[in-house]
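Enquirer: Let me see the structure of the following:
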Amino acid sequence: MSNTSPTIVKKIRTLAQIADDLRHGKDFSITRLTLLKSLCSGSEDTATFALHLAKKTQQAMKVHGRPRYIKPAAWQRYQGLANKGVRGMVGYLSSRTRQRESRLHELLQEIQDEQNEFEHQRWVTVRIIHSMELLVVETALECVLSPWGSSELGYVIARQHAERYDSRYGNGLIPASAPLVEDVAEFWGRHFLGQGWKKQLTK
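Expert: Numbering: from 1, shown residues only. Got it, this is the predicted structure:
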């Protein structure tokens, strides 16, 4: 912890506190996660963070199963694409070759094409997303392939991962977001403070 900036420690502590408050029924605007933009200033850190959330999403797809509003065939495709995306990122980040980078670009395009419906609403065109899980994997690929946009993309993927809706709260960070914000806090805590990161925050 002595080598970690007090500013970074404060941000990690804030993330952990947000997760705890959500566990106790509070809710917050999604903009509370904008503090991640500074944590994601390094492209390598952001790529690893994105892979972490993609893996969490992949696991959640297996554990929670198919949402009722998604057809079985579509869900099978989404799972297959998510699995290929995670495997591709793991391989590329362990050994960055042109061939693997090219394959990631192909995967990114394939995943984007899977959810390429758009709808005109008043003065804007809105992309129709059927699977937020697949969108998280898509953004993770963008984080890996677009290091110049790491700061903004790091915030975007955290937002996609953690934001939820409930009629009592609306959109944002709501009690159901607690374990998802904990995923975010856990990564940055371990990344900067090590295995015992929660204890480090109390010092």
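Enquirer: What segments of this protein are strands?
Expert: Taking DSSP state E as the test, the strands found in the chain are 117-121, 124-128, 164-166, 170-172.
Enquirer: For Ser5, find the nearest of these.
Expert: Closest approach to Ser5 among these (Cβ to Cβ): strand 170-172, 28.3 Å. The way it works is simple: take the backbone N, C-alpha and C, and place the C-beta from them, glycine included.
Enquirer: Report the spatially nearest residue to Ala54, omitting neighbours in sequence.
Expert: Excluding the flanking residues, the one nearest Ala54 by Cβ to Cβ, 6 or more residues apart in numbering is Ala140, at 3.9 Å.
Enquirer: okay, now that neighbour: neighbour count?
Expert: A count of nearby residues for Ala140, using other Cβ atoms under 10 Å, gives 31.
Enquirer: Numbering from 23 from now on, please.
Expert: I'll keep to 23 as the first residue from here, and by that count the last item is Ala162.
Enquirer: do you know how far it is from Tyr91?
Expert: 23 Å (Cβ to Cβ, to the nearest Å).
Enquirer: what's the answer for Gln81, then?
Expert: Applying Cβ to Cβ to Gln81 and Tyr91 gives a distance of 21 Å.
Enquirer: Same question for Gln217.
Expert: Following Cβ to Cβ, the distance that separates Gln217 from Tyr91 is 39 Å.
Enquirer: Leu75 now?
Expert: 23 Å.
Enquirer: okay, these two: which has more neighbours?
Expert: Each of Leu75 and Tyr91 has its neighbours counted (other Cβ under 10 Å); Leu75 has more, 24 against 8.
Enquirer: Below-threshold pLDDT in the chain: ranges please.
Expert: 23-24 (pLDDT under 70).
Enquirer: Most distant residue from the centre of it?
Expert: Most distant residue from the mean C-alpha position of the chain: Arg144, 29.5 Å away (Cα atoms, centre = their mean).
Enquirer: That'll do, ta.
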